[in-house]
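Novice: Could you work out the structure for the sequence below:
(one chain, ligands or ions: 1)
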Amino acid sequence: MTAVAAGAGAAEEAGRGAGVLIDLRGVSRTYDDGPPALDDLTLTVRTGEALAVLGPSGSGKSTLLNLVAGLDRPDAGTVTVDGLRVDELGESASAKYRRAAIGIVFQFFNLLDDLTVADNVLLPAQLAGLPRAGAAARAAELLAYLGIERHARAYPGRLSGGERQRVAVARALMNRPSLLLADEPTGALDTASGAEVRELLRELHADGQTIVLVTHDLTLAESCATRTVELVDGRIARDSAAGWETGALPPPGTPGPYGTSAAPAAHGAYGDRPGTAR
Ligand SMILES: Nc1ncnc2c1ncn2[C@@H]1O[C@H](COP(=O)(O)OP(=O)(O)OP(=O)(O)O)[C@@H](O)[C@H]1O
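Specialist: Below you'll find the predicted structure:
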């Protein structure tokens with residue numbers, strides 16, 4: 001199952017504690033005359049991590065994801081993914097990087113409605129020029145892994161939101177990306193479908209997939225993330241790796257950015273947790 005989910009060697013590396021996969025240094029991005037969407041942000045993500053990026057609306061979460069995906073460039077700073085300077089890539093090199101190294105899942109699925117489920121999943125392999133036979137076998141394997149093989153010949157419009165998001169995840173995993181990015185993957189789903197997708201992401205991470213997801217959904221962060229970073233005004237206000245319990249969010253009502261806290265970052269994420277190692 002690991003081989004289905006993760007990029008080659010990712011699980012093995014995760015097991016060893018692994019190296020840095022994403023390295024953002026001094027990254028700033030300002031649109032037009034507005035305030036900085038990202039402001040001198042430095043962040044590293046290791047292979048095998050599942051990072052949830054939280055923060056209020058407009059805090060820079062999607063901007064961060066777009067920079068890592070090479071969909072946008074910083075005004076200052078460097079973006080390195082798997083040793084590649086993503087911020088220096090030209091348009092075609094950037095597209096090639098996305099096809100080879102990145103899988104992206106969007107809130108609204110972004111499936112092509114006039115292609116079948118199987119053809120949607122095959123698309124990244126076709127764009128990468130991979131041999132059709134091997135790609136078809138991989139697509140079938142992914143659809144089975146994600147429990148949607150019976151829909152292979154259906155069109156996305158016939159599927160539920162949760163099933164569509166599974167198709168989008170299958171497509172994102174098609175070329176065995178070293179990194180899965182997800183922007184509000186449960187944002188358009190009902191409660192039951194959201195729970196399915198949360199479980200799916202949790203399983204993918206357990207199988208070794210490195211994941212960075214942006215979300216307002218604290219349940220998603222709590223169930224899938226091994227690390228949580230909170231952005232405020234384009235800066236990292238809190239990072240669980242610098243004091244939170246790994247994978248833990250505070251109980252409801254804990255003072256914090258979703259409550260009333262003005263606790264300094266050094267005091268941990270959503271408030272101080274007794275017994276948390278520093
Ligand atoms: N293409 C753009 N043009 C102009 N301003 C933009 C653009 N994209 C983002 N911004 C601005 O940059 C800031 C950060 O936006 P971003 O979408 O990264 O925040 P976010 O945390 O993902 O927000 P949300 O949770 O609402 O999706 C906001 O002030 C936003 O208005």
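Novice: Please count neighbours and contacts with C-alpha atoms only from this point.
Specialist: Will do.
Novice: residues near residue 113, how many?
Specialist: Look at residue 113: counted by other CA atoms under 10 Å, it has 12 neighbours.
Novice: typo on my end, it should be residue 153
Specialist: Neighbour tally, residue 153, other CA under 10 Å: 12.
Novice: what about the helix or strand hosting residue 52, distance to the chain center?
Specialist: Using DSSP states H and E, residue 52 falls within strand 50-54. Relative to the centre of its chain, strand 50-54 is centred 7 Å away, using CA atoms, centre = their mean, to the nearest Å.
Novice: How about stretch 156-171?
Specialist: 17 Å.
Novice: Mean confidence (pLDDT) on it, please.
Specialist: On average, the pLDDT along stretch 156-171 is 93.
Novice: contact partners of it?
Specialist: Contacts of stretch 156-171 from elsewhere in the structure, counted by CA atoms under 8 Å, 6 or more residues apart in numbering, are 103-106, 109-113, 115-117, 120-124, 139, 142-143, 146, 148, 185, 188-190, 193-194, 196-197.
Novice: Can you flag the buried ones in those?
Specialist: 103-106, 109, 111, 116-117, 120-124, 139, 142-143, 146, 148, 185, 188-189, 193-194, 196-197 (16 or more other CA atoms under 10 Å).
Novice: that older thread, the contacts of stretch 156-171 in helices, which ones?
Specialist: Judged by DSSP state H, the subset of the contacts of stretch 156-171 located in helices is 117, 120-124, 139, 142-143, 193-194, 196-197.
Novice: Can I get these in JSON lines including pLDDT and distance to residue 50?
Specialist: Formatted as JSON lines, these follow (pLDDT from 0 to 100; distance: CA to CA, whole Å):
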{"residue": "117", "pLDDT": "97", "distance to residue 50": "27"}
{"residue": "120", "pLDDT": "97", "distance to residue 50": "25"}
{"residue": "121", "pLDDT": "96", "distance to residue 50": "23"}
{"residue": "122", "pLDDT": "96", "distance to residue 50": "25"}
{"residue": "123", "pLDDT": "95", "distance to residue 50": "26"}
{"residue": "124", "pLDDT": "94", "distance to residue 50": "23"}
{"residue": "139", "pLDDT": "94", "distance to residue 50": "24"}
{"residue": "142", "pLDDT": "92", "distance to residue 50": "20"}
{"residue": "143", "pLDDT": "93", "distance to residue 50": "22"}
{"residue": "193", "pLDDT": "84", "distance to residue 50": "20"}
{"residue": "194", "pLDDT": "87", "distance to residue 50": "18"}
{"residue": "196", "pLDDT": "87", "distance to residue 50": "17"}
{"residue": "197", "pLDDT": "87", "distance to residue 50": "15"}
